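K.L.:
structure of the sequence below:
(3 chains, ligands or ions: 4)
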Amino acid sequence: MLRLPPFTYHTPKNAVDAVRIAKEYGREAMYVAGGTDLYPNMKRRHQTPAQVISLRDVPELHSMEVLEDGRLQIGAMVTLTTLEFYPHLKAHYAGFAHAVREISTPLLRNMGTIGGNLLLDTRCSYYDQSHEWRESIDFCMKSKADAICWVAPGSPRCWAVQSSDSVPIICAMEAEIELAGVDGMRTIKGDDLYQDDGIQYLTKKPEELLTKITLPAPGNWKASYLKLRRRDTYDFPVLGVGACLWFAADGTIEKANVRLGGAGSYAMPATKTEELLVGKKLTDELIAEAGAAAMKPARTMDNTDLDVYWRKKVAPIYVARALKACR
Amino acid sequence: MALENPNTVSPKDRDDAPWQHDKKKGELEHIGKPIRKVDARSKVSGLTQFADDLTMPRMLHMKLLRSTMAHAELAHIDTSKAAALPGVKGILTGKDMPTPFGILPVSQDEHALCPDHVRFVGDPIVAIAATEEETAWDACRLVEVDYRELRTIGSIQEAAANDEPRLHDYGVRGNVHRLENLEFGDLEDGFKRADHIREDTFWFEGNTHLPMEQHASLAHFDKDGKLTIWSSTQTPHYLHRALARVLHPLPANRIRVIATPNGGGFGGKSDPFNHEICAAKMSMLTGRPVKVALTREEVFWCHRGRHPVLMRSKIGVSKTGRITALDFHSFLDGGAYGSYGTASTFYTGALQTVTYAVENYHFRGARFFTNKAPCGPKRGHGTVQPRFAMEVQLDKVACDLNIDPAKLRLDNLAPRESVTANYLRIGSMGLAACIEKVVEGSGWNERRGKKEVTKEGRIRGLGIACSSYLSGAGLPIYWNGMPHSGVQLQLDRSGLCTVFCGSTDIGQGSDSVLGWIVGEVLGINPLDIKVVTADTDLTPVDLGSYSSRVTVMTGNAAMQAAERARDIVAKGVAKKLEIPAVRVVFAEGRVFDAEDPDTGMTFQEAVGVAEAQVGTIGTVGSYTPPKSAAKFRGGGVGPSPSYSYSATVVEVEVDPETGIYSVPKVWMAHDIGRALNAAVAMGQIEGSIYMGLGEAMMEEMAYRDRSHKGKRVFLHKIPSMLEYKSPSALEMPDCVTYVVEEPDKNGPFGAKEVGQGPLLPIMPAVANAVFDAVGVRVDENPISFEKVFAAIQAKNEGKDPRYGPAGDETGIPDVNFGESLKIKTPWQGGDGTAWNEPKRTKKAKK
Amino acid sequence: MTEPNKVLATFQVNGEPHEVAFVPHKTLLEVLREEMTLTGTKHGCELGECGTCTVQVDGTPVLSCLVLAVDAVGKNVQTVEGLACGSDLAPLQDCMADLGAAQCGYCTPGILMAADALLKDNVRPTRDEIKEALAGNLCRCTGYLKIFEAIELAAARMRGEDAEPSKESIYGS
Ligand SMILES: Cc1cc2nc3c(=O)[nH]c(=O)nc-3n(C[C@H](O)[C@H](O)[C@H](O)COP(=O)(O)OP(=O)(O)OC[C@H]3O[C@@H](n4cnc5c(N)ncnc54)[C@H](O)[C@@H]3O)c2cc1C
Ligand code: SF4
Ligand code: FES
Ligand code: FES
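P.N.:
Ligands and ions are numbered 1, 2, ... in the order given. As a prediction, the model looks like this:
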């Protein structure tokens, strides 16, 4: 049986204590929410934190409320199942609700949290393997700083893949993320939480606690999410298109955000696609054209399930379909 | 559940009923009814004890350190640091168990721990036992192994091209394990008479069993010098033999193998495994019970699953589509060891003739050693890959000749009660009925070729395919004249009937088969019967749960034992009732006079009456399959007491833009002779459809092959439950299942195999359905989305609308098969021998 | 690394208290199987990828291989061993047994726990709802169909209907 490495378990009762413990132990410490990403990783010995800080008893992370201005604020510890069945979400954030429903399996959604999903480790089929398997390839850069990257051996960086289903759509929706650090709270845009690196995929400090995510108030926008994977359950996205379009009264697109998950180390903007959309109406022709423009930014690598070239070729089709769903 | 089985022909209504049945009894009491399996209650209560559920006082936990190199010599192993770790109680290396073993006598090529040569990433090198599993794992990390890297042999092509370095010092030459070359009839003439000839090349990627239970064993060498091992094995008898061999001089009669219920096997627990032998040896070393429980990744290293096979098939047909000649080549990637590979190789050429009459047939098969986890038997053993090739090729032939593919098959059916070109004896044969059922049920005639478009823009297609499968192999794994299955039966004055048999329940319900058959014969409730199985100390030998052999072989042995017991009791009762013994009937828990049913007694009383007359009642039964008609070398693989048949129609919906498709519905008809238990037979059929769909749509043993700075990294790409894709509840289509019952005289109550056959036609039917929908051929399995997409793209670009291996020298390895063994077909007046047998060149040169 | 100290805690499993000492990095799966000898809960991957280890914690089906045992202290843990009432099988178990929905039986405990949770929430689940509820439990033997049918049958019987399995599901079409 695969088992967890030993650690000391902390259950702080508020966010301030959580951050304090994290700061105190520095690199030795990690937060855990639902554990559905962290514990498998620890069993494979990707991480062996000596201190594990559970967020289960931090009450402020479990709340969910509609703010006065109509925005929806979700605590990091809200489980994916709770979100999935939250009527307000289904009614006003159908695209996001769909993305949540597409994550893993119902059992894992009972355990996994939205905070954990936003911070999900990047994935790579050379990396998400047992210790023994990785020993056989002499490890790679993400496990061992002096090792090579097997995906791109000449590369100085890691290309592990952004694999969370919620990230592309929350970035497209311009949701806000609230972080608690030793110096207090700060709020950033979704996009700004991530960076293009398979190892340092987050911009936040290790001890910073993700407390809340705030979705924009319902309005003249519509968002969608389309996921490519082999089975309709279990599987991580090998392509996840998050799209959000803001419409003028006459249907003209005022703003467009399109993010590609599973196609790089962060949710990559399909800039060309976005540019093509703005100022126009969402006709079939425009959708096809805007979709085709997404071929280039889809930086698929041979480190996920399904063929790398095929994934790149179907990216435009998926982008087009995601745009269509914004109608 | 008091439903009547609508399919069953009552024995009363059929005088020619070939199955053994006590006609006095009228209707069958238990056979065919949906009675619960004998172990159903414990299974749904979580009380079934699988191997890893067992513990013993002072038990140690063992882990294996496995090779991190695909191919290397072991220069040096240093276990001193591991030995010093507190908690470590025992360490074994290859030199502790120098005797090789293997499932087949002709390939004793495995070691419990590799002494000096590792052949794939995952080959075991050191075993360590400790008080905690974590400690044993930590200790493994402290072992230092010096490897001397050898060139990796990564594929059939590499194995064919590189004789050095050799993986093994036996076989045909270099890394060629086996070469077979069998010619039945006159090929030249067959092709000359053909109006249409086509040649196709197919590739079937390997895939694995993926049982939900990870292999585990618990071994205990007790203070009386006796060794007991509980293990998740499908073949306790073969494990017993391997243990006796490697643990020599420990006598076989001091070794007891108990097969625990298998949490799924599918052929993956049919070989004796290194971890089993290590656990036994470790218990002997430490004097303590030793448990080993493999991780999911290690289950992938054990493998023994479907061989990757490259196939070249040339077929000749008449204008009307009758097959005049078939020239078939198969190239098997065997992985690192022999396993069942010799049989697998023959199986790739054996059963083509059992579905369709092939007038002239030439089969050439080659198996190669490569640095991968060893391949072996998986559900449908060796016959699955050629079935894919044949059924897709027939679809193409039908297309070429503009004949309905269903009709083409019906026109070519092998006749019942006949002998095939390669001397397989067909008994009952219900394939025509199977085809008719699925054709009618699916609306084949109306819906095929219509390219209906769904509202999501997907295109519908229908595909058909057929298959047959063995009801157990005609020959045992090792040559001997003993029965394949033995059953011992004991009747107690309490009315208890105990059945002892070496067979192993891997979920297919073999324990229940024993209960149903004995219950039917003795007229008692199967659930009242005590079934004791799979314990080499207590139960007579049964060769194991593989090749779908249990129903027919174990069933017949149980039948014989039960009939003998019935006769003893009948005699006793007859004497007491003063009637002739032939008038005694066993039914409904009573034993009575057929002419005056009220005169009689309970079964319990009857046993007492008989016991008082003859003493303690015990009987035995055994089964040996009928002699094969094939007398040429290699003719031992393929014969079976009977063959099951299946036909399927699969519906697909293909997204023409992406190649993504789904399978919303499957129609499956399976001729199983007779359903011993209706619900269980249905479950086996549905399980086969499921597994077939997994193989068709996603399952594959993919390998990572990379090189960096002169070092080649070659290992299984995805040894996990998540990344080795298998269908979930959401992928399972609606199934319409037809049970066709064409009783066979060789089966108990007419029963044949159920549970492997219906897997085979699924993959080719999916390929054929994709063609029906979007007009492209995928000549490779799995038929994954990318391949469908690539073929559609080729079509759109005006190229050959096909995805598959090249048929020229770039795809097919250059192998000299030597001179063929020439056998006249029955219709040429042959007698089953090869007329050039003695001249058979053993070592063909390239 | 030195082993952290064991903690002593009382678990409520199937309505009964179990007092056990264990190291805090043990999962619920390990503690159930190895400390409480409740081996009805199975394991097939220990990474959240198969569903055989499913148990209910406060009525919610979760994967015991990814739940820390300490997090289950004070909660109501339900395993397959607690489904039957005395020696009577629960309707769900009965239907699974009748239809042969447990072949090798290895996935069965996990599937029972997931299905039982579904039926507590939803007395009349549709086929799609059943599929979705089992989308985290792999079974390699049955092809799932007998499992779906058993859940439907059990649901009907639990609603008090005098339901029988369909002829097609037992004898074929
Ligand atoms: C078989 C399987 C399939 C899966 N499929 C999918 C899928 O299809 N799509 C998908 O998106 N995910 C998938 N997942 C991953 C995972 O289940 C989800 O992403 C889940 O939402 C993670 O949440 P968690 O609460 O369990 O995270 P955890 O494992 O608890 O945490 C994840 C990471 O975030 C950190 N963290 C968690 N919360 C906070 C916080 N509030 N502040 C700071 N740091 C924090 C942790 O330290 C850890 O590094 C799958 C997992 C498995 C095992
Ligand atoms: S992308 Fe390269 S460095 Fe990153 S995890 Fe994969 S192999 Fe390792
Ligand atoms: S053991 Fe596989 S999900 Fe828990
Ligand atoms: S019954 Fe065997 S895995 Fe489900």
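K.L.:
how is chain B divided into domains?
P.N.:
Domains of chain B are assigned by automatic domain parsing as B:11-30+B:482-623, B:51-150+B:209-302, B:383-474+B:631-803.
K.L.:
and these, which is most packed in?
P.N.:
domain B:383-474+B:631-803 (a mean of 23; mean count of other CB atoms under 10 Å in any protein chain shown). Every C-beta, even on glycine, is put in place using the N, C-alpha and C of the backbone.
K.L.:
wait, does that one contact chain C?
P.N.:
Yes: judged by CB under 8 Å from any CB of the partner chain, domain B:383-474+B:631-803 comes into contact with chain C through B:441, B:675, B:677-680, B:682-691, B:720-722, B:726, B:728-730, B:732, B:735-739.
K.L.:
what about those residues, which are in helices?
P.N.:
B:441, B:678-680, B:682-691 (DSSP state H).
K.L.:
quick check, central residue of chain C?
P.N.:
By CA atoms, centre = their mean, chain C has its centre lying nearest to C:M113, at 2.3 Å.
K.L.:
chain neighbours aside, what residue packs nearest to residue 153?
P.N.:
All of this is about chain A. B:H708 (5.7 Å; CB to CB, 6 or more residues apart in numbering or on different chains).
K.L.:
let me rephrase: I mean chain C.
P.N.:
C:C95 (4.4 Å).
K.L.:
ligand 4 contacts on chain C?
P.N.:
With CB under 6 Å from any ligand atom as the criterion, chain C meets ligand 4 at residues C:102-108, C:139-142.
K.L.:
again but with chain A, I slipped
P.N.:
So chain A never meets ligand 4 (CB under 6 Å from any ligand atom).
K.L.:
one step back: any idea how far the residue nearest to C:L153 lies from C:I147?
P.N.:
C:C95 is 10 Å from C:I147, where distance means CB to CB, to the nearest Å.
K.L.:
these two - which one has more neighbours?
P.N.:
C:I147 (32 against 27; other CB atoms under 10 Å in any protein chain shown).
K.L.:
report the secondary structure element holding the more buried one.
P.N.:
helix C:145-158 (DSSP states H and E).
K.L.:
in that helix, which residues are buried?
P.N.:
C:145-158 (16 or more other CB atoms under 10 Å in any protein chain shown).
K.L.:
what helix or strand is B:H275 on?
P.N.:
helix B:274-286.
K.L.:
anything in the following helix or strand past that helix near chain A?
P.N.:
Counting by DSSP H and E, the element after helix B:274-286 in chain order, helix or strand, is strand B:290-293. Yes: counting by CB under 8 Å from any CB, chain A is contacted by strand B:290-293 at B:A293.
K.L.:
which elements pack onto strand B:290-293?
P.N.:
Strand B:290-293 is packed against strand B:60-66, strand B:216-221, helix B:274-286, with contacts defined by 3 or more CB pairs under 8 Å, 6 or more residues apart in numbering or on different chains; DSSP states H and E.
K.L.:
what helices or strands is the second one leaning on?
P.N.:
The one in question is strand B:216-221. Going by 3+ CB pairs under 8 Å, 6+ apart, strand B:216-221 lies up against strand B:227-231, helix B:274-286, strand B:290-293.
K.L.:
what average pLDDT does it get?
P.N.:
If you average the pLDDT over strand B:216-221, you get 98.
K.L.:
cool, and the first one?
P.N.:
Over the span of strand B:60-66, the pLDDT mean works out to 98.
K.L.:
now the longest one
P.N.:
Averaged across helix B:274-286, the pLDDT comes to 98.
K.L.:
just the CA trace of it, in CSV.
P.N.:
In CSV, the C-alpha atoms belonging to helix B:274-286 read as follows (Å, rounded to 0.1, in the frame of the first residue of the first chain):
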residue,chain,number,x,y,z
ASN,B,274,8.3,-13.8,-8.1
HIS,B,275,6.7,-12.1,-5.2
GLU,B,276,4.9,-15.3,-4.2
ILE,B,277,8.1,-17.3,-4.3
CYS,B,278,10.0,-14.6,-2.4
ALA,B,279,7.4,-14.4,0.3
ALA,B,280,7.6,-18.2,0.8
LYS,B,281,11.4,-18.1,0.9
MET,B,282,11.4,-15.1,3.2
SER,B,283,9.1,-16.9,5.7
MET,B,284,11.5,-19.9,5.6
LEU,B,285,14.4,-17.5,6.2
THR,B,286,12.8,-15.5,9.1
